[in-house]
Every structure is written in C-alpha cells, then in structure tokens.
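Asks: Need coordinates for the below:
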Amino acid sequence: MSIPNSLYLDCPSCGEKTLHEVLRGRMSKGGDVLETTVKCQECQHVHATVVREPSSVKLPVLLSDMGRTTKLEFEFGEDELVAVGDELFIGDSNVIVTAIERGESRVPQAPAKEISTIWVKKFDKVRVRISVNKTSKTLAAELTALPDEEFFVGDILTIGRDDVVVHSIKTREGMVRQGGVAARDIVRIYAKSARTTYS
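Replies: A predicted model of the protein is given here:
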C-alpha cells in the first residue's frame, strides 16, 4: 500500500463515510498499515487515523466455457462477500458465479476467507435454447447471443433454413407472452414456423 492523496473514511464529525484529503502519513515497516492525518472534505474536520490494507485471499476458480472447464485463481479481499449471480472480470472474460463451495457444502454466498472453490461460467456469450413447433413435431435448436441481447415475442428468427416466429419466452420467473427478455434471463424460447405470404 502506498500513501494515497485521498481516502473514503468514517468522519467522527459528520458521522458518515466521506472523502478525506490525506495531509500527511507514514507507512508501517510491513507496508500494510498507514498512520495518517486527514481532513474531511465535507466539514473540514481534521483528525488522525490508522488505515489497514485488508488482507486478500487467492481462491481456486473453475471456469466452464461451452463444455470445457479451466482452473484459474482470483484474488478477493478476505472479508469480501461473494454470491451466486455475481459478475466478475477474469483475464479478458466476463464471467458469472454459478456455485460457491464452503468446505463440503454449496452455499448461495459466503465471505471469501470461508470459500474453498468458486464455479463460474463465461458470460460474454450465452446459449439460448429454442423449441420450434412444426405442425405435428417439435424441434430443438440453439442460438449463441450476447448476455444483454434482447429477444422479443413476435421476433422472426432464422433457424437452419427456416424462419420461425417467437410466440413465448420462458424465464425463471415464468412465461412471457409479450415484450422482450435479455438472453441472460431466458430459459427457453418457444417458436413456430413463420408463414410466408406473397402479395
């Protein structure tokens, strides 16, 4: 840790966390403790404080990408809360936390220091599953989309050589029969063959 120009700290005068200018300070020999005099930018109160750099932990991260699993490491503050659904940036990839192991059990969230393994999946592209109804049979298909790409009821999609029209979209919350849904939230798209009319 080096001596910064400013810090967000609890101000004893304001009673809340505010931006403080660092007037002077010195580092401990280990470089993880800063003894400093600071000035609150809200009320101008000057006070002395000690700032400790939080300890960090490196955790094993298992990255799933289109059927392949890669083992990586990621650094967290030891008290940082990690939860299923969190989005992280590892290397050059956006990933989303899909599972957290604490010892032998899986938990929805935990402080980093209690976690044994984090499971993530790449989130720069997601698979969107589609069921296409063709008269007496239903065909399964998939599209790859960006997480924020939206699909709307009424959209015409090209699946193989066929154009199909979206009639409903299933999410974890239920069925959507009008409007749009981001690819990240889609469980399955239901579509039927689009009729072609000639005028």
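Asks: what sits against the residue sitting nearest the centre point of the chain?
Replies: Nearest to the mean C-alpha position of the chain, by Cα atoms, centre = their mean, lies Glu87 at 1.2 Å. When contacts are counted by Cβ atoms under 8 Å, 6 or more residues apart in numbering, Glu87 touches Asn94, Val95, Ile96, Val97, Phe123. Where you see a C-beta, it was placed from the backbone N, CA and C, and this is true even at glycine.
Asks: bridging residues for it?
Replies: Going by DSSP bridges, Glu87 is paired in beta bridges with Ile96.
Asks: Then Val126?
Replies: Val126 forms beta bridges with Ala145, as assigned by DSSP bridges.
Asks: Test my guess that it contacts Ala183.
Replies: Yes - Val126 lies in contact with Ala183 (Cβ atoms under 8 Å); the separation is 5.1 Å.
Asks: pLDDT wise, what is Val153 at?
Replies: What the model reports as pLDDT for Val153 is 94.
Asks: follow-up on the earlier one: reformat the contacts of Glu87 as JSON lines; add pLDDT.
Replies: Conversion of the contacts of Glu87 to JSON lines gives the following (pLDDT from 0 to 100):
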{"residue": "Asn94", "pLDDT": "79"}
{"residue": "Val95", "pLDDT": "84"}
{"residue": "Ile96", "pLDDT": "86"}
{"residue": "Val97", "pLDDT": "92"}
{"residue": "Phe123", "pLDDT": "75"}
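Asks: Give me the buried entries from these.
Replies: For those, a burial check counting by 16 or more other Cβ atoms under 10 Å picks out Val95, Ile96, Val97, Phe123.
Asks: mind listing what the third one touches?
Replies: To tie it back to what came earlier, the one meant is Val97. Val82, Ala83, Val84, Gly85, Asp86, Glu87, Leu88, Ile118, Trp119, Val120.
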